[in-house]
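Novice: this is a predicted model, with the sequence first.
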Amino acid sequence: MSGRMWKPRSLQSSYDVVIIGAGIHGLATAYYLGKRHGVKKVALLDRGYLGGGNSGRNTAILRSNYRTQEGIPFYDASVKLYEQMSEELGWNVMFSQYGHLTTAHSDSSLVGLRVRAENNQVLGVDSRIIYPDEIKKLVPAIDISRRARFPSMAALYHPPGGVIRHDAVVWGYARACDRMDIEIHPYTEVTGIRVENGRALSVATTRGNVAAGAVLNVTAGWASTISKMAGVPLPIVSHQLQACVTEPLKPFLDKVIVSATLHVYVNQTDKGELVLGAEIDPYQSYSMRSTLPTLEQIAGHTLDLFPQLHGVRILRQWAGVCDMTPDYAPIIGRAEEVENFYMDVGWGTYGFKAGPIAGKCTAELIATGRTPALIQAFGPGRFRAGQLIGEKAAAAVSS
Amino acid sequence: MKRSPLHRWHEKAGATLAEENGWYVPLRYSSAEQEAGAVKGSVGICDLSHTHEPLSPYARFLIAGPHTRALLSKLTSLNLDRNTAFGTVAHVRGMLLRDALGFLVMVPRDYAESVWDAILQAGEEFHITAFGLEAHRRLEA
């Protein structure tokens, strides 16, 4: 293979679809617009480098063991697209589908996991409750002794879960988009959206104005600010989510371990580093700065699960900004206030794992005007209608 | 031995109980033949709480017979044409699953008795019958 993954191109004055945000959701939408619907006069605009937002900051965990009848089939469809992605894109995205465990450390969290296990099974997702002896077999390094401050009583075991190389997903989609002559414009910040007579007409960027047949807001972290440019208010607050990575260790962990009680998730990369993630910071912020209290919390909770890691050093710590909605479910659909203005936002801490299916459904919505069944419940009108989704119990502490 | 959340109801109703896979289960209330006949003629309800994950948070009932849909539409606004539907049944959040014989109702164990009673009450106009596992096996055969 030679040459670039995608070509720099000059910004044109008009496109059928302008996508604000060239992360995984934007790229997936562009890919499916071109691939399934033949819409190729598409520009992806990003104020930074490709995949430099949450697509490159998440902990790359994939799973579908959610709780609701809206969430479970949706994430299941996404995991299935990830399973086929290497073949579909002709590009190895390194999906290690080695299994995912959510541990329970109290009766109440165990009840929550049991509900998820049942709901998953009813909807055909492989997920079941296992007990300490089986946890120990799957994860010999974990401390399940009664000595632990919060002993693991049981776990929700989800074999199809795992981790993927998130950068590879971005690059694979970018290459595939470029081959369809879909344009990728990094370092092109959107500064305004022109709306006339209730219709989005063009976007202003740091490289000039661009007319658009449709505008899609698919940003993460700044979704509400972009949306405000079009006069569309969103019920979103933004919080930081932090993660860190340790020095490489001999391979000892081949499952994703998540603990809601301890607010931590752990997996070991192919290089041997441990990726450790936290719950969102408790206060709102756009700063993307890592903090010592969060690092201490992550480290302490990781040691509750794996006390033998006490001497391990942290290599890097970072943060991303997450757009939290009131019901911990995303907002996908057409704006009610402005024609031609679409959104796929509000992804909180679970956006990466939903990228392919969200892109596929959003592309279908833009190209055909029909809302696919999988995203019907996620429309922006649900907040006014009082039809919230209730995914918090399974979406939080999940990356 | 594990007990269904409806164990007391079964006892009060004079069920013949037996042990099966670590559970007390109701085999019959009157006779299997009579119960199966009543289900086929109108509608019946059977406690299948023992048939899924041990220690499940859900109780599980089967509603079967020609008046199943008429009965359920008195208790829920869920779409009965779907294979699975999540939502409220007799004011309790749970789910409905389509089954070869009718519909499975899954509700949290703590609410099992009140939902069971609500179904029986709503089913009075159809002369609903509680049926045991023997009748269930006959109907499945």
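Specialist: That came through, no problem. Residues are numbered from 1 along each chain as shown, chains lettered A, B, ... in the order given.
Novice: only C-alpha atoms from now on, for both contacts and neighbour counts.
Specialist: Noted.
Novice: okay, and the beta partners of the residue positioned nearest the centre of chain B?
Specialist: Taking CA atoms, centre = their mean, the centroid of chain B lies closest to residue B:61, which sits 2.8 Å from it. Taking DSSP bridges as the rule, residue B:61 bridges to residue B:47, residue B:105.
Novice: thought it was touching residue B:104?
Specialist: Yes: between residue B:61 and residue B:104 there is a contact under CA atoms under 8 Å: 5.5 Å.
Novice: just the helices in chain A please.
Specialist: Listed in chain order, the helices of chain A (DSSP state H) span A:24-37, A:71-89, A:107-122, A:132-138, A:166-179, A:223-229, A:292-305, A:355-368, A:382-385, A:392-395.
Novice: and residue A:48, how many neighbours does it have?
Specialist: 15 (other CA atoms under 10 Å in any protein chain shown).
Novice: residue A:184 is in contact with that one, correct?
Specialist: No: at 11.6 Å, residue A:48 does not count as touching residue A:184 under the criterion of CA under 8 Å.
Novice: hang on, the earlier thing: ranking the helices of chain A by burial, who's on top?
Specialist: For the helices of chain A, the largest average neighbour count (mean count of other CA atoms under 10 Å in any protein chain shown) is found in helix A:24-37, namely a mean of 26.
Novice: quick one, what contacts the residue in the stretch 151-300 of chain A positioned nearest to chain B?
Specialist: Among all residues of the stretch 151-300 of chain A, residue A:154 sits closest to chain B, at 12.2 Å; criterion: CA to the nearest CA. Listed by CA atoms under 8 Å, 6 or more residues apart in numbering or on different chains, the contact set of residue A:154 reads A:103-105, A:110, A:129-132, A:135.
Novice: the same query, at a cut-off of 7 Å, please.
Specialist: A:103-104, A:110, A:129-132 (CA atoms under 7 Å, 6 or more residues apart in numbering or on different chains).
Novice: state the distance from it to residue A:324.
Specialist: Per CA to CA, to the nearest Å, residue A:154 is found 29 Å from residue A:324.
Novice: then residue A:255?
Specialist: As judged by CA to CA, residue A:255 and residue A:324 stand 27 Å apart.
Novice: list of residues touching stretch B:25-35?
Specialist: By CA under 7 Å, 6+ apart, stretch B:25-35 touches B:10, B:13-19, B:129, B:131-135.
Novice: top of the residues you listed by neighbour count?
Specialist: Going by other CA under 10 Å, residue B:131 tops the contacts of stretch B:25-35 with 30 neighbours.
Novice: quick check, pLDDT for residue A:262.
Specialist: Per-residue confidence at residue A:262 stands at 89 (pLDDT).
Novice: so it touches residue A:303, yeah?
Specialist: No: using CA atoms under 7 Å, residue A:262 is not in contact with residue A:303, being 10.3 Å away.
Novice: for stretch A:162-175, output the C-alpha coordinates as PDB.
Specialist: Output of stretch A:162-175 as PDB, limited to C-alpha atoms (Å, rounded to 0.1, in the frame of the first residue of the first chain):
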ATOM      1  CA  GLY A 162     -14.000  -6.600  24.200                       C
ATOM      2  CA  VAL A 163     -11.700  -3.900  23.000                       C
ATOM      3  CA  ILE A 164     -10.800  -2.500  19.600                       C
ATOM      4  CA  ARG A 165      -8.000  -0.300  18.200                       C
ATOM      5  CA  HIS A 166     -10.000   3.000  18.100                       C
ATOM      6  CA  ASP A 167      -7.500   4.800  15.900                       C
ATOM      7  CA  ALA A 168      -7.700   2.000  13.400                       C
ATOM      8  CA  VAL A 169     -11.500   2.400  13.200                       C
ATOM      9  CA  VAL A 170     -11.000   6.200  12.500                       C
ATOM     10  CA  TRP A 171      -8.300   5.500   9.800                       C
ATOM     11  CA  GLY A 172     -10.300   2.700   8.200                       C
ATOM     12  CA  TYR A 173     -13.400   4.800   7.800                       C
ATOM     13  CA  ALA A 174     -11.300   7.800   6.600                       C
ATOM     14  CA  ARG A 175      -9.600   5.800   4.000                       C
END
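Novice: contacts for it next, please.
Specialist: Contact partners of stretch A:162-175, identified using CA under 7 Å, 6+ apart, comprise A:5-6, A:23-24, A:27-28, A:31, A:51, A:55-56, A:60-63, A:89, A:91, A:93-100, A:256.
Novice: now restrict these to buried residues only.
Specialist: By neighbour count, with 16 or more other CA atoms under 10 Å in any protein chain shown, those hold A:6, A:23-24, A:27-28, A:31, A:51, A:55-56, A:60-63, A:89, A:91, A:93-97, A:99-100, A:256 as buried.
Novice: so of those residues, which ones are in strands?
Specialist: A:61-62, A:100, A:256 (DSSP state E).
Novice: how far out from the middle of the chain is the helix or strand of chain B with the lowest mean pLDDT?
Specialist: Ranking every helix and strand in chain B by mean pLDDT, DSSP states H and E puts strand B:84-89 at the bottom, with a mean of 91. Averaging C-alpha coordinates over strand B:84-89 and over its chain gives two centres that are 15 Å apart (CA atoms, centre = their mean, to the nearest Å).
Novice: adjacent strands (with direction) for that strand?
Specialist: Using DSSP bridges, the strands paired with strand B:84-89 in its sheet are strand B:92-98 (antiparallel).
Novice: what does chain B put close to chain A?
Specialist: On the criterion CA under 7 Å from any CA of the partner chain, chain A has as its neighbours in chain B the residues B:56-57, B:86.
Novice: most neighbours out of the residues you listed, which is it?
Specialist: With neighbours taken as other CA under 10 Å, the top of those is residue B:57, carrying 22 neighbours.
Novice: do I have it right that that residue meets residue A:116?
Specialist: No: counting by CA under 7 Å, residue B:57 does not reach residue A:116; the two are 9.9 Å apart.
Novice: now do the contacts for residue A:117.
Specialist: By CA under 7 Å, 6+ apart, the neighbours of residue A:117 are A:127-129, A:156.
Novice: just those: which are in strands?
Specialist: Those of these mapping onto strands are A:128-129, A:156, per DSSP E.
Novice: any idea which of the residues you listed has the most stuff around it?
Specialist: Most neighbours among those, by other CA under 10 Å: residue A:129, with 26 neighbours.
Novice: show me what contacts that one?
Specialist: When contacts are counted by CA under 7 Å, 6+ apart, residue A:129 touches A:114, A:117, A:154-157.
Novice: most widely separated two among these?
Specialist: Across those, the longest distance by CA to CA is 12.1 Å; it joins A:117 and A:154.
Novice: any idea how far residue B:131 is from residue B:138?
Specialist: 11 Å.
Novice: up against chain B, what does the stretch 101-250 of chain A have?
Specialist: Residues of the stretch 101-250 of chain A lying near chain B (CA under 7 Å from any CA): A:111, A:114-115.
Novice: now with 10 Å, please.
Specialist: For the stretch 101-250 of chain A, the contact set with chain B under CA under 10 Å from any CA of the partner chain comprises A:110-119, A:121-123, A:128-129.
Novice: what two of those residues are the furthest from one another?
Specialist: Comparing all pairs in these by CA to CA, the longest separation belongs to A:110 and A:123, at 19.9 Å.
Novice: just list the residues touching the closest residue to residue A:377 other than its chain neighbours, thanks.
Specialist: Closest residue to residue A:377 apart from its sequence neighbours, by CA to CA, 6 or more residues apart in numbering or on different chains: residue A:70 at 6.8 Å. Contact partners of residue A:70, counting by CA atoms under 10 Å, 6 or more residues apart in numbering or on different chains, are A:329, A:373-378, A:389-391, B:86.
Novice: make CSV out of those and add distance to residue A:238.
Specialist: Below are these laid out as CSV (distance: CA to CA, whole Å):
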residue, distance to residue A:238
A:329, 14
A:373, 28
A:374, 25
A:375, 22
A:376, 24
A:377, 22
A:378, 19
A:389, 19
A:390, 19
A:391, 18
B:86, 30
